[in-house]
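Trainee: Structure here, sequence nowhere to be found:
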């Protein structure tokens, strides 16, 4: 009986080991699909109402992927990002429940792997804490925003997203010179394979924020 049990356990281990590369490739492919769909929606000229609906569908897809990969943080990070974007498209107090859901998902991803996707969960959480209204309406908190955004920068110091969102936060805080510094780092960030639409859209946002920062600094 013991020999049979050991054989079964060994075969199970081998099956998991052999399946892992294919499973990982499949997950990477599905994540890339979500990334690209998010970029198409986020940087489209669709109405806010249509973007909200499209983000809702994409959030469900990301949530299903997270549920089927419970040990991986990456699908949860993307679920949180999409939910955050859905909240932004929806706007108003009606978006608060979506923002809270995004925060829960992103915080859960940190408990699995805080470094997943180069610290993107920290970037998204920092942005949520910055943009959501504070107490008693929402959970916005500038101290928490700064902490998460600075953690994201430590994990990905040359990244386009952490530098852009940190600069956006700094500009809101009146720290114009430092904001411009990080916008220039974001502007010089290398292009990301498979993220062409997202990079193009983000670079337009960087240029617009640099113009705003330049006006604020005069």
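Mentor: Cool, the structure landed. Here the structure is a predicted model, which is why all the values come from computation and not from measurement. Numbering: from 1, shown residues only.
Trainee: mind listing the helices for the chain?
Mentor: Assigned by DSSP state H, the helices in the chain fall at 2-42, 48-68, 74-90, 96-112, 116-131, 142-155, 160-172, 176-187, 196-217.
Trainee: Save these as CSV, and put in mean neighbour count and mean pLDDT too.
Mentor: C-beta here means a position set from N, CA and C on the backbone, and glycine is covered the same way. Below are these laid out as CSV (neighbours: other CB atoms under 10 Å; pLDDT from 0 to 100):
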stretch, mean neighbour count, mean pLDDT
helix 2-42, 13, 67
helix 48-68, 17, 98
helix 74-90, 26, 98
helix 96-112, 19, 98
helix 116-131, 24, 98
helix 142-155, 18, 98
helix 160-172, 24, 98
helix 176-187, 19, 98
helix 196-217, 15, 93
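Trainee: Can you tell me how far residue 119 is from residue 130?
Mentor: Distance from residue 119 to residue 130, counting by CB to CB, to the nearest Å: 16 Å.
Trainee: Now do the domain split for the chain, please.
Mentor: 41-144, 157-218 (automatic domain parsing).
Trainee: nearest to residue 33, of the ones you listed?
Mentor: Shortest distance between residue 33 and these, using CB to CB, is found for domain 41-144: 8.3 Å.
Trainee: Of all residues in the protein, which one is nearest the centre?
Mentor: The centroid of the chain falls nearest to residue 81 when counting by CA atoms, centre = their mean (4.1 Å).
Trainee: hang on, isn't it packed against residue 120?
Mentor: Yes - contact criterion CB atoms under 8 Å: residue 81 and residue 120 qualify, at 7.0 Å.
Trainee: Now render the domains of the chain as a markdown table, adding distance to residue 34.
Mentor: Below are the domains of the chain laid out as a markdown table (distance: least, CB to CB, whole Å):
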| stretch | distance to residue 34 |
| --- | --- |
| domain 41-144 | 5 |
| domain 157-218 | 12 |
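Trainee: Contacts only, for the residue nearest to the centre of the chain.
Mentor: 38, 102, 120, 124 (CB atoms under 8 Å, 6 or more residues apart in numbering).
Trainee: cutoff 10 Å now
Mentor: Applying CB atoms under 10 Å, 6 or more residues apart in numbering to residue 81 gives the contacts 34-35, 38, 42, 55, 58-59, 62, 102, 105-106, 117, 120-121, 123-124, 127, 161.
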